[in-house]
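Undergrad: No letters, just coordinates:
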């Protein structure tokens, strides 16, 4: 009996305690609400200031246009049933070319696009500007605008660079186009900045599941973005095709040289045999017959080697075409009508929200914390 009474009293105590906490919470919330209502004029001012700052920031940030090109490369390594296999089947099973694994495949497209040699070659391409005028992509990057605060932050560096330019001659711009073909690439500070800027503006990604390659180009001009995206895809295709066919082309050139040499040897052996037969037509001697058989064997052997090399050459020529990967462009470069990135309305709303939050936090908590901190320090 006493145990039941104790449990009942404990429940009543907990209920009273919880009710007391709920009342304190309601009182605190009401007190905070009254304080917020009391500073509503400050909140209105903060919202107005945030609105002005947000509009200034939104207008200062230049518009960006993004173009995305999607392509599906066929990078298979099944070469047995292609043109080279067909040629080998006609020419005999002994005629074949060695298959090798590819060191370059579609998964490396992102690394290729972001590589310095690739971007150096791309920086020399022509892009359209106002009217029918065209300039290089490197020159276009100099004309793109930046937010006003970037000039304020970079003003000391501009002053230092201007002073240095008085004592150091500018690098010849014509050298810029030749650096991509050099083994060791040495860039100036300005060129390095342009390459880093292109790495951010031009991005390639590969879906590992579907092997779909996406190339995006982001610039302040919509036409420039579309032209650059299309050029990146074409240059990427050329880069991969050149690599995939380089070994086959080298084999083909070597076999063409070998074919001409074996052909000349066969023709020479054939000529010797014919001359000998013409000069010893009516002579019946064992030595003549022996020499005739020797020359005939030399001619047959030369023809066999010549025929085999000719077959290998035909297979090599077919393999050059077979090695070319097929790129199916799923989504071509389309000139965008609307800018990409964060909308200007979002910038305005964010700054208004931050301004209101800062004012409320300062008036409700900041002042009390500052006063307590002063008391502790005093």
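TA: Cool, the structure landed. Please read these numbers as outputs of a predicted model, since none were measured by experiment.

Undergrad: which other residues reach stretch 361-369?
TA: Stretch 361-369 is contacted from outside by 32, 35, 36, 39, 42, using C-beta atoms under 8 Å, 6 or more residues apart in numbering. C-beta coordinates here come from the backbone N, C-alpha and C atoms, glycine included.

Undergrad: Quick check: PyMOL command selecting the buried ones in these.
TA: In PyMOL syntax, the buried subset of those is picked out as below (16 or more other C-beta atoms under 10 Å):
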select buried, resi 39
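
Undergrad: so, if you compare the contacts of stretch 361-369, which one comes nearest to residue 140?
TA: residue 42 (47.1 Å; C-beta to C-beta).

Undergrad: need the strands for the protein, in chain order.
TA: Secondary structure of the chain (DSSP state E): strands at 65-74, 126-128, 134-136, 202-206, 213-219, 326-331.

Undergrad: winner for burial among those strands?
TA: Neighbour counts (mean count of other C-beta atoms under 10 Å) averaged over each of the strands of the chain peak at strand 213-219, with a mean of 22.

Undergrad: That one: partners in the sheet, and parallel or antiparallel?
TA: Note on strand 213-219: by DSSP bridges, its sheet partners are strand 65-74 (antiparallel), strand 202-206 (antiparallel).

Undergrad: So which of the ones you listed is nearest residue 226?
TA: Nearest of these to residue 226, taken as C-beta to C-beta: strand 65-74 at 4.8 Å.

Undergrad: I'd like to check what contacts that closest one. Which residues are they?
TA: With C-beta under 8 Å, 6+ apart, strand 65-74 has contacts from 106, 109, 210-222, 225-226, 228-230, 232-233, 240, 325-336, 339-341.

Undergrad: and the angle for it with strand 326-331?
TA: Here strand 65-74 runs at an angle of 150 degrees relative to strand 326-331 (axes from the mean of the first three to the mean of the last three C-alpha atoms, to 10 degrees).

Undergrad: Now strand 65-74: average pLDDT?
TA: Per-region confidence: strand 65-74 scores 82 on mean pLDDT.

Undergrad: domain parsing for this protein?
TA: Per the record, the chain has its domains at 1-37, 39-55+342-378, 65-331, by automatic domain parsing.

Undergrad: Reformat the contacts of stretch 361-369 as a markdown table; add distance to residue 300 and pLDDT.
TA: Shown next, in a markdown table, are the contacts of stretch 361-369 (distance: C-beta to C-beta, whole Å; pLDDT from 0 to 100):
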| residue | distance to residue 300 | pLDDT |
| --- | --- | --- |
| 32 | 107 | 72 |
| 35 | 110 | 75 |
| 36 | 106 | 72 |
| 39 | 108 | 78 |
| 42 | 107 | 83 |
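
Undergrad: So which of the contacts of stretch 361-369 is the closest to residue 347?
TA: Distance to residue 347, by C-beta to C-beta, is smallest for residue 42 among the contacts of stretch 361-369, at 22.7 Å.

Undergrad: Pull the contacting residues for the closest residue to the closest one other than its chain neighbours.
TA: Nearest in space to residue 42, with sequence neighbours left out and distances taken as C-beta to C-beta, 6 or more residues apart in numbering, is residue 359 at 5.4 Å. When contacts are counted by C-beta under 8 Å, 6+ apart, residue 359 is found next to 39, 42, 43, 45, 46.

Undergrad: go on, residue 350?
TA: residue 54.

Undergrad: Can you tell me how far it is from residue 341?
TA: 14 Å (C-beta to C-beta, to the nearest Å).

Undergrad: ok so, going back, looking at the strands paired with strand 213-219, which is nearest to residue 266?
TA: Closest of the strands paired with strand 213-219 to residue 266 is strand 65-74, at 40.1 Å (criterion: C-beta to C-beta).

Undergrad: circling back: distance to residue 296 for the contacts of residue 359 - can I get that in a markdown table?
TA: Formatted as a markdown table, the contacts of residue 359 follow (distance: C-beta to C-beta, whole Å):
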| residue | distance to residue 296 |
| --- | --- |
| 39 | 114 |
| 42 | 112 |
| 43 | 110 |
| 45 | 110 |
| 46 | 106 |
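
Undergrad: ok, these vs residue 375, which is closest?
TA: residue 39 (23.2 Å).
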